[in-house]
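Trainee: no sequence for this one, just the structure:
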Ligand SMILES: Cc1cc2nc3c(=O)[nH]c(=O)nc-3n(C[C@H](O)[C@H](O)[C@H](O)COP(=O)(O)OP(=O)(O)OC[C@H]3O[C@@H](n4cnc5c(N)ncnc54)[C@H](O)[C@@H]3O)c2cc1C
Ligand code: SF4
Ligand code: SF4
């Protein structure tokens, strides 16, 4: 177990709902769920394999204290952010945001499923865009395409060739970004300071060790 | 000109449903003078539109009949139908109220012989049957309607049908010269009993009501089951007239939902449990009902009723709020969702879906022409600020008939206290 995971498990002992309320973004909404099932039935991915536990079930598992099962579940990583459940929930739970909050928390604890594609994308995107304050599209696509090896990357790249050329023509993609040129924020230091401050505030609010 | 006799010792009751009738009767039977104003051409309100009553499964006309008998026997009640309150001025103990009277075009010579109805040709939507069928432009709203007098639809005026109706009537009851008029009357206290309306099911978009013909509402289902209804009591599908033997009931359609009605409408669990009896009655063991629910709210003495329905092998319960409805190529509605007991996905086909829509107060969105305190759902609250205006029945909360009647008696008592005070002051 990671340090943080151990720490949190110890702090909230057997009360996983309390832990979620304090540590997960929008986690305080979980107790408002009345188990009607509208979210589960509204999810477009739900009637395809993938969702192991629909949101309704995740919320019940949280209340039932199934910490391990929830945090290691791939379910919340399957959320496509379509917001169907969010707009239909009769109790107005911000379900999409809770799903993302749970995923993020599991990641922070180091217990999220490894090699999960959504997680890989999120991490790649975050690292990429926080570096200069702007997304380096060429590097981002490179990282994603070549994730599964060189051949797979080349194949993907060729398949998307026309789209890429179109984007270049429309000045939406700058190939010089491959060499580290291209758009950046003016005050990169400022951006990093801001993110550090946000992390500090979050750690304070949630009673975590500063990273 | 219609003459209304009223003073500041009169109690005005607005709405002639079961609650309004009760309030009027209770007050009049203690010796008070009452004016009862109803916007429909008949009394009884939504109760008259039910096929049977829970929990005893008797016919509502029976309960209404008793009240009508009390009403006819009581000279202290003046009843105005096709009448609506348009303005209230003054204060507790001394109100002036404007009432708009819409012409019926039939006076009280009418014996309900029905000759005018036979003579006319045009038809209009049948509001009593929630527009599921048509009625002639000269019609009796329903078999037991009180007053037992025909009504001419306003569209008839100036058409050959108007002349046909007039010529057909042997009693000189058809009076095409009637005009809309507004009368002003006095009252010391007002009982507001305007009842409820079914929540607009079209707003619950994933259920596709209004688009899929075989998705209907619980109020419409009451009319389908009623022998006086548009299908003569046969439970038939609107799309193709086929017998509907496999019926889904979806609870909390629009209720307990922050996107629609925030409150639990309270009667609709019992309403659907009752309606499974209609299916059983019509088709015996071939009639299957499935109730999709969040939790069944059959409170206190209704628990027994629930237990009996639960024991019926032809009724199944699925603990899940249906997420959406689709339609297959034969026009069958398909319910999609996830069963909370085991979190199993389902997509189940039925012949007909009945949405157990909730109750919205009639007062919502309608101007009560006075300052009256309402709660966050629009129901009238008991608040001192309401002075001499008292809510009764479903205007105050989502209630079944029994509770509507209790609340009407309470409102009548409060109104009586006000006019008693007026009487003492005037000594
Ligand atoms: C599908 C279904 C099944 C039900 N089954 C049962 C059952 O089996 N047993 C049971 O106990 N209950 C049942 N109920 C509940 C029952 O219908 C209500 O409790 C009852 O109708 C309440 O009566 P009310 O007088 O308060 O309101 P209403 O019946 O709505 O009467 C209000 C009256 O006021 C009139 N009005 C409205 N606005 C104005 C205005 N501005 N001016 C003048 N008049 C006005 C209306 O025309 C109406 O006549 C059922 C309801 C539904 C939807
Ligand atoms: S739709 Fe809302 S209330 Fe219903 S189960 Fe999902 S989260 Fe809970
Ligand atoms: S009575 Fe039943 S169906 Fe009606 S709103 Fe309440 S829980 Fe839902």
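Mentor: Great, that's in hand. This structure is a prediction, so every number in the text was calculated from the model and none was measured. Numbering: from 1, shown residues only, chains lettered A, B, ... in the order given. Ligands and ions are numbered 1, 2, ... in the order given.
Trainee: burial count for the residue nearest to residue A:19 when sequence neighbours are not counted?
Mentor: Nearest residue to residue A:19 in three dimensions, chain neighbours excluded: residue A:12, at 3.8 Å (Cβ to Cβ, 6 or more residues apart in numbering or on different chains). Where C-beta positions appear, they are placed from N, C-alpha and C, glycine not excepted. Other residues within reach of residue A:12, judged by other Cβ atoms under 10 Å in any protein chain shown, total 18.
Trainee: how about the residues of the stretch 151-300 of chain B near chain A?
Mentor: Residues of the stretch 151-300 of chain B lying close to chain A by Cβ under 8 Å from any Cβ of the partner chain are B:206, B:252, B:256, B:257, B:258, B:259, B:260, B:294.
Trainee: so the second one sits in a strand?
Mentor: Right, the one you point to is residue B:252. Yes - using DSSP: H, G, I helix; E, B strand; the rest coil, the assignment for residue B:252 is a strand.
Trainee: quick one: pLDDT of whichever residue of the stretch 1-150 of chain B sits closest to ligand 1?
Mentor: The nearest approach of the stretch 1-150 of chain B to ligand 1 comes at residue B:17, 2.0 Å away (Cβ to the nearest ligand atom). For residue B:17, the model assigns a pLDDT of 97.
Trainee: burial check on it, number of neighbours?
Mentor: Count around residue B:17 with other Cβ under 10 Å applied: 28.
Trainee: ok, the one 10 residues further on next?
Mentor: Counted with other Cβ under 10 Å, residues neighbouring residue B:27 total 28.
Trainee: any idea whether it is helix, strand or coil?
Mentor: Residue B:27 ends up helix, using three-state DSSP.
Trainee: against residue B:147, how distant is it?
Mentor: Distance, residue B:27 to residue B:147, by Cβ to Cβ, to the nearest Å: 21 Å.
Trainee: just residue B:171 next, same as before
Mentor: With distances taken as Cβ to Cβ, residue B:171 is found 14 Å from residue B:147.
Trainee: which of the two has more neighbours?
Mentor: residue B:147 (20 against 13).
Trainee: list the contacts for that one?
Mentor: When contacts are counted by Cβ atoms under 8 Å, 6 or more residues apart in numbering or on different chains, residue B:147 touches B:42, B:79, B:81, B:108.
Trainee: confirm it sits in a strand?
Mentor: No - read with three-state DSSP, residue B:147 is coil and lies in no strand.
Trainee: shaky segments in the chain?
Mentor: All of this is about chain A. Where chain A drops to pLDDT under 70, the residues are A:1, A:47-50, A:211.
Trainee: switch to chain B, that's the one I care about
Mentor: For chain B, the stretches flagged by pLDDT under 70 are B:1-2, B:364-370.
Trainee: and the lengthiest helix in it with ligand 1, contact?
Mentor: In chain B, assigned by DSSP state H, the helix with the most residues is helix B:401-426. Yes - contact of helix B:401-426 with ligand 1 (Cβ under 6 Å from any ligand atom) involves B:401, B:402, B:404.
Trainee: ok, now stretch B:389-400?
Mentor: Yes - using Cβ under 6 Å from any ligand atom, stretch B:389-400 reaches ligand 1 at B:393, B:394, B:399, B:400.
Trainee: for stretch B:43-54, same thing?
Mentor: Yes - for stretch B:43-54, a contact with ligand 1 is found by Cβ under 6 Å from any ligand atom, at B:45, B:46, B:47, B:50, B:53, B:54.
Trainee: quick one: end-to-end distance for that stretch.
Mentor: 21 Å (Cα to Cα, to the nearest Å).
Trainee: show me what counts as buried in the biggest helix by length in chain A.
Mentor: In chain A, taking DSSP H as the definition, the longest helix is helix A:188-205. Buried residues in helix A:188-205, defined by neighbour count with 16 or more other Cβ atoms under 10 Å in any protein chain shown: residue A:191.
Trainee: helices and strands around it, which ones?
Mentor: Applying 3 or more Cβ pairs under 8 Å, 6 or more residues apart in numbering or on different chains; DSSP states H and E, we find helix A:188-205 packed against helix A:117-132.
Trainee: quick one: the helix it packs on to chain centroid distance?
Mentor: 9 Å (Cα atoms, centre = their mean, to the nearest Å).
Trainee: angle of it against helix A:188-205?
Mentor: For helix A:117-132 against helix A:188-205, the angle by axes from the mean of the first three to the mean of the last three Cα atoms, to 10 degrees is 130 degrees.
Trainee: who touches helix A:117-132?
Mentor: Taking Cβ under 8 Å, 6+ apart as the rule, helix A:117-132 contacts A:77-78, A:103, A:107, A:112-113, A:135-136, A:139-140, A:143-144, A:147, A:183-185, A:188, A:191-192, A:195.
Trainee: for residue B:197, see how far away the most centrally placed residue in chain B is.
Mentor: Residue closest to the average C-alpha location in chain B (Cα atoms, centre = their mean): residue B:46, at 1.8 Å. For residue B:46, the distance to residue B:197 (Cβ to Cβ) stands at 8 Å.
Trainee: do the same with residue B:317
Mentor: Residue B:317 is 28 Å from residue B:197, by Cβ to Cβ.
Trainee: residues contacting residue B:61?
Mentor: Contact analysis of residue B:61 by Cβ under 8 Å, 6+ apart lists B:48, B:144.
Trainee: try residue B:180
Mentor: B:100, B:101, B:102, B:103.
Trainee: dump those into CSV; add neighbour count, distance to residue B:321 and secondary structure as well.
Mentor: What follows is the contacts of residue B:180, written out as CSV (neighbours: other Cβ atoms under 10 Å in any protein chain shown; distance: Cβ to Cβ, whole Å; DSSP: H, G, I helix; E, B strand; the rest coil):
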residue, neighbour count, distance to residue B:321, secondary structure
B:100, 16, 42, strand
B:101, 19, 45, strand
B:102, 17, 41, coil
B:103, 17, 46, coil
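Trainee: farthest pair in those residues?
Mentor: B:100 and B:103 (10.8 Å; Cβ to Cβ).
Trainee: number of residues surrounding the residue lying closest to residue A:80 once chain neighbours are set aside?
Mentor: Spatially, and ignoring its direct neighbours in sequence, residue A:80 is nearest to residue A:45 (6.3 Å; Cβ to Cβ, 6+ apart). Taking other Cβ under 10 Å as the criterion, the count of residues near residue A:45 is 15.
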